Each structure stands twice: as C-alpha cells, then as structure tokens.
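1. 3D, please:
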Amino acid sequence: MTDSTLQDIAQQALSETGSASAAIFLVGPAGDLALAAAAGVTGAPLDALVAAVQSPDHPIAVTARDGHTAYDVTPIAPGGPALRSHIAMKSGSVQGHVVGVLALAHQEPLTVGQQLVAEDLAAQAAALA
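-> Here you go, the predicted structure:
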C-alpha cells in the first residue's frame with residue numbers, strides 16, 4: 001500500500017528531476033525493502049523491480065544497506081531509460097540511519113541541481129518514513 005504523501009513525493013521527483021520513473025522503497029525491520037510509492041512505472045515492470053530489489057546485490061538494496069547514494073549508474077536489467085540514481089533516505093542527518101531509498105530512472109545524467117532536488121525529496125520522504 002502506498003502512502004499518499006510519499007506518492008506525492010514520487011510524483012514530484014518525476015517533474016523536478018526529469019526522470020521517467022520514481023520509486024520509494026522503505027527498509028523493513030528485517031532489512032527487507034517494501035515499495036511505499038511509485039510514479040511513472042506500473043504493472044509488470046514495477047512488479048519486476050519490487051522482486052529484484054529483494055536481492056542483496058541489487059543496487060537499490062546496496063544503497064539501503066550501505067547508505068551511499070549513487071547517481072547516473074547503468075541499470076543491471078535491460079529496458080527502460082539508460083540511467084538510474086539511488087538516493088539514500090536517512091533519518092535525522094546525513095550520517096543518520098537509512099530508512100529507505102528514492103530510486104529514479106532517467107535517460108540523461110542528472111544535473112547538480114536535479115541531484116540536489118532529489119536529495120531534498122529523499123530527506124522529505126525519510127522524515128515521513
């Protein structure tokens with residue numbers, strides 16, 4: 001189930017970063033990732049993403065585990081936009097506990113301004129998690 005405020009943040013991520021899709025995953029008590037919101041992606045592609053992030057080697061799972069944001073990386077699965085960015089959502093501060101990941105799929109590298117917007121949106125989402 002999606003939270004309407006997190007859904008608003010996912011939608012805002014699309015419009016403000018020029019991304020084709022955005023997904024917000026929250027870290028569960030056992031370290032698993034649960035989809036909290038998505039925009040620009042539905043159906044089978046979204047189902048495949050939700051299943052894929054359960055692998056500890058998936059880049060979104062790695063960001064959730066180690067807290068390191070990654071911009072403009074090549075996707076591990078074929079199809080869709082050329083690049084992905086995974087922004088760690090941290091509670092409290094830059095060094096805070098990772099509570100989730102804002103995942104973006106986009107065709108062109110994100111500008112510094114778009115990265116800052118994405119980080120701000122990830123912080124807003126973390127505050128709601």
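
2. C-alpha from now on. contacts and neighbour counts both.
-> OK.

3. State the distance from residue 73 to residue 19.
-> Counting by Cα to Cα, to the nearest Å, the gap from residue 73 to residue 19 is 13 Å.

4. Compare those two (neighbour count), which wins?
-> Neighbours per residue, other Cα atoms under 10 Å: of residue 73 and residue 19, the larger number sits with residue 19, 26 against 15.

5. Now name the helix or strand holding the more buried one.
-> Residue 19 belongs to no helix or strand when assigned by DSSP states H and E.

6. what do you get for the one 5 residues further on?
-> With secondary structure defined by DSSP H and E, residue 24 is part of strand 21-27.

7. Which neighbouring elements make contact with that strand?
-> Helices and strands touching strand 21-27, as assessed by 3 or more Cα pairs under 8 Å, 6 or more residues apart in numbering; DSSP states H and E, comprise helix 4-17, strand 33-39, strand 98-106.

8. so how far is the shortest one off the chain centroid?
-> Put simply, strand 33-39 sits 8 Å off its chain's centre (Cα atoms, centre = their mean, to the nearest Å).

9. what sits up against the following helix or strand past it?
-> Downstream of strand 33-39, the first helix or strand assigned by DSSP H and E is helix 43-52. Helix 43-52 is contacted by residues 34-35, 58 when judged by Cα atoms under 8 Å, 6 or more residues apart in numbering.

10. can you give me the end-to-end distance of stretch 86-97?
-> 16 Å.

11. For that stretch, list every residue counted as buried.
-> By neighbour count on 16 or more other Cα atoms under 10 Å, the buried set for stretch 86-97 is 86-91, 97.

12. coming back round to it: neighbouring strands - and their directions - for the strand holding residue 24?
-> strand 33-39 (antiparallel), strand 98-106 (antiparallel) (DSSP bridges).

13. Give me the contact list for the first one.
-> For strand 33-39, the surrounding residues in contact (Cα under 8 Å, 6+ apart) are 1-3, 6-7, 10-11, 14, 21-28, 50, 53-54, 61, 100.

14. quick revisit: could you identify which of the helices and strands packed on strand 21-27 is most buried?
-> Comparing the helices and strands packed on strand 21-27 by mean neighbour count (mean count of other Cα atoms under 10 Å), strand 98-106 comes out on top with a mean of 27.
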